[in-house]
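1. here is the input, now give the coordinates:
(one chain, ligands or ions: 1)
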Amino acid sequence: MNSSKWYLNSVFYQIYPQSFQDSNGDGIGDLEGIIYRLDYLKSLGIDAIWLNPIYPSPFKDAGYDVADYKNIAPRYGDLNTFDRLIKEAHKRGIKVLMDLVFNHTSNEHPWFKQSQKMERNRYSKWYVWCSPFEPINLGTGSWAMWVSERYESYYHQFTFYQPDLNFGFPNLAREDGNSYDDPDLKALREELKGVVRFWLDRGVDGFRADAMEALVIEAGKKGIHGNTARFWSEIRQVIDSYKDKAFIAEGFHHTEDIARCKFNGCFFIPQTWRLLAPDPPQRKREPSPVKFFSPQGGDLTWFVEEYLKEYKEAIEQDAIINMISGSHDMPRMSWICQKDEIIKAYFAMLLTYPTAPFIYYGDEIGMQYWVNLPSREGASFRTGSRTPMQWNGKKNAGFSSAESSRLYFPVNKDYPVRNVEIQESSPTSILNTVKGLIKLRKENPSSGAFGNIRHLHLKKGDKSYIYSRYGQGDAFLIALNPSDTSRKIRLKLTGEEEEFKGAKYLVPEISSQKVPKIAVEKEISLWLPSNFFAVYRIS
Ligand code: NOJ
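-> Numbers count the residues shown, from 1 in each chain. So this is what the prediction gives:
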């Protein structure tokens, strides 16, 4: 791959460090464990890993409550181990992304401890404070009252333990100044830029920006606030002073995020929720459509339309939209898919789509969502997606040598039959399917981020989807039918389709069931068994 702008066409792998590999038997994953598993990641074929926060933290939100931006939580290791992780990853051609959590800190961060003091100091304005008698309704988040030395309440978008940093909240005009250009707030931003330089100097290859849109909230206004965009653009400038670094947003407004905040990529989160996860009852969103990647089958048109619109706008700005298999914030996709064959069908799309995909650890073996597993470290409904990686059928699934009762989270009960070791030895496993698809994507540029895409069969209410990828010296037809109902699809070609010019056959490259090669004629008949995907080379 061309080293320049590698992040636009890479396959990423998300590591939840707590649960990936424990190396010292304390029951929790660590950096040494990740180093130990780098060869596995290399064998998977991924290009880069993204680590959830590994900073020192009281872990009220699993590390998204940072107490020191320039260090490593002792439970994960230390800076020396981190440096070695970077070195060992790079040795294997794997890049490393950190999580940048700048919307808030922990309430135990020394900045906050100073800020909450009665006596004015350098940090007094670094957080969002207001009078306890007139808390402003920002429409989201809450005010923590009566808990600070100073006679004010602080704003927190997330938990009480995560006070928001101040990037100039316009509703909070203060006599002593609260604008974006206020010298105290400028000092905060300079400090945060120093954090970015600190990790880039250590060799990290980029960042995933946490809660990127949440930095500044203005009552009644939706979308990315001007100050939020200004701040991320400033961070972008710092990142650009290093060569070839990725800057990816956890965002909800996609194209807008990219343009105004100058990200290289943006997760496709709300749509992936609707596609791959049941809505938790607490979350009032529009009703989910019947899920395409489920035994019942369902409509995919809405997803494809929204995705490709965002994608086109993004690449015009030299950026990409990142499709994901899941994340530490949503139930695992296996819950919706229900069957391994359907999980494979989703991977077939994820890995042959114009995107730079993220695979959430464990999804490549179809790890299950554990319903009602007791929450820890603020995980709540996300708990069931954070259980230890299932490496083999041995003690604690090979995750840790600790007593099972000491594990950070218990190992899912299906580990004797669902683990990396078993799936490595089965040619038709999800794991080997994912590996095959990544290999195909790497060896054939048209199936990656920049090949053309054409829908050959996509209809509202239909349970199957057929598309082609072509234009960079190779061409493919991908057929998906995740549902339990088999079907026959007839494709009529006009003779104008570039990808079929001179083609004689559709040759199966990788599929969930053995399928024959098909002669290319004016009308192609495709038999799609139930729970099926196939990637054919058009040749
Ligand atoms: C998004 C993260 O992915 C999530 O895990 C966290 O709770 C919030 N941001 C707050 O940092």
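
2. how about the contacts made by S468?
-> Taking C-beta atoms under 8 Å, 6 or more residues apart in numbering, we find S468 in contact with N452, I453, R454, L456, A475, F476, L477, I478, E497, E499, I538. The C-beta positions use only the backbone N, C-alpha and C, and glycine is treated the same way.

3. now with 6 Å?
-> Going by C-beta atoms under 6 Å, 6 or more residues apart in numbering, S468 touches R454, L456, L477, E499.

4. now do V196
-> V196 touches I235, V238, counting by C-beta under 6 Å, 6+ apart.

5. that one: what secondary structure?
-> The three-state label given to V196 by DSSP: H, G, I helix; E, B strand; the rest coil is helix.

6. against K344, how distant is it?
-> 38 Å (C-beta to C-beta, to the nearest Å).

7. from the contacts of S468, which are also near the ligand?
-> Among the contacts of S468, not one lies near the ligand by C-beta under 6 Å from any ligand atom.

8. wait, which of these is closest to the ligand?
-> Minimum distance to the ligand across the contacts of S468 is 34.4 Å, recorded for R454 (C-beta to the nearest ligand atom).

9. circling back: make a ChimeraX selection of the buried ones in the contacts of S468.
-> Of those, the buried ones can be selected in ChimeraX as follows, counting by 16 or more other C-beta atoms under 10 Å:
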select :454,456,477,499
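
10. so which residue of the stretch 201-350 of the chain comes closest to the ligand?
-> Residue of the stretch 201-350 of the chain nearest the ligand, by C-beta to the nearest ligand atom: A211 (4.3 Å).

11. next one: phi and psi at that residue?
-> Note on A211: backbone dihedrals following degrees, to the nearest 10 are phi 40, psi 50.

12. any idea how far K95 is from it?
-> From A211 to K95 the distance is 23 Å (C-beta to C-beta).

13. quick check: residues of the chain near the ligand?
-> Counting by C-beta under 6 Å from any ligand atom, the residues of the chain close to the ligand are D61, Y64, V101, F158, D210, A211, E250, H328, D329.

14. ok, and the most crowded of those?
-> Among the residues of the chain next to the ligand, the one with the most neighbours (other C-beta atoms under 10 Å) is V101, at 27 neighbours.

15. my guess is that residue meets M212, correct?
-> No: counting by C-beta atoms under 6 Å, V101 does not reach M212; the two are 10.4 Å apart.

16. surely H156 touches M145?
-> No: in this structure, H156 is not within contact of M145 by C-beta under 6 Å, at 11.4 Å.

17. list the contacts of the closest residue to the ligand within the stretch 401-539 of the chain.
-> Proximity of the stretch 401-539 of the chain to the ligand (C-beta to the nearest ligand atom) peaks at F409, 15.0 Å away. Counting by C-beta under 6 Å, 6+ apart, F409 touches R386, T387.

18. so what pLDDT did it get?
-> Per-residue pLDDT puts F409 at 98.

19. backbone torsions only: list them for it.
-> When read as degrees, to the nearest 10, the backbone of F409 gives phi -130, psi 150.

20. cool, and F358?
-> Dihedral angles phi and psi of F358 (degrees, to the nearest 10) take the values phi -110, psi 130.

21. for it, what are its contacts?
-> Contact analysis of F358 by C-beta under 6 Å, 6+ apart lists F12, Q14, N322, I324.

22. identify the bridge partners of the first one.
-> F12 has these beta-bridge partners by DSSP bridges: A48, F358.

23. ok, it to W335 distance?
-> 22 Å.

24. and if you look at the second one?
-> The span separating Q14 from W335 equals 18 Å under the rule C-beta to C-beta.

25. and what of the third one?
-> Here the distance between N322 and W335 works out to 21 Å (C-beta to C-beta).

26. for the two, indicate the residue with more neighbours.
-> Shown here are N322 and W335; by other C-beta under 10 Å, N322 has more neighbours (28 against 19).

27. hey, what's that one bridged with?
-> N322 has these beta-bridge partners by DSSP bridges: F267.

28. so what's it up against?
-> With C-beta under 6 Å, 6+ apart, N322 has these contacts: G265, F267, A356, F358.

29. how does it look with 8 Å?
-> N322 makes contact with F12, I248, G265, C266, F267, F268, T355, A356, P357, F358, according to C-beta under 8 Å, 6+ apart.

30. possible to save these as a markdown table with distance to Y180 and pLDDT?
-> A markdown table is the format used below for the contacts of N322 (distance: C-beta to C-beta, whole Å; pLDDT from 0 to 100):
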| residue | distance to Y180 | pLDDT |
| --- | --- | --- |
| F12 | 32 | 98 |
| I248 | 24 | 97 |
| G265 | 26 | 95 |
| C266 | 23 | 95 |
| F267 | 26 | 95 |
| F268 | 29 | 94 |
| T355 | 34 | 98 |
| A356 | 32 | 98 |
| P357 | 35 | 98 |
| F358 | 32 | 98 |
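
31. avg pLDDT for the helix or strand containing I86?
-> If you go by DSSP states H and E, I86 is part of helix 79-91. If you average the pLDDT over helix 79-91, you get 98.

32. list the buried residues of it.
-> T81, F82, L85, I86, E88, A89.

33. OK, contacts around the nearest residue to the first one once chain neighbours are set aside?
-> Nearest residue to T81, sequence neighbours excluded (C-beta to C-beta, 6 or more residues apart in numbering): L31, at 4.5 Å. Residues near L31 by C-beta under 8 Å, 6+ apart: P17, I54, I72, Y76, G77, T81, F82, R84, L85.

34. hang on, the first one packs against I49?
-> When you say that, I think you mean P17. No: if you go by C-beta atoms under 8 Å, P17 and I49 don't touch, sitting 10.2 Å apart.

35. understood, closing this out.
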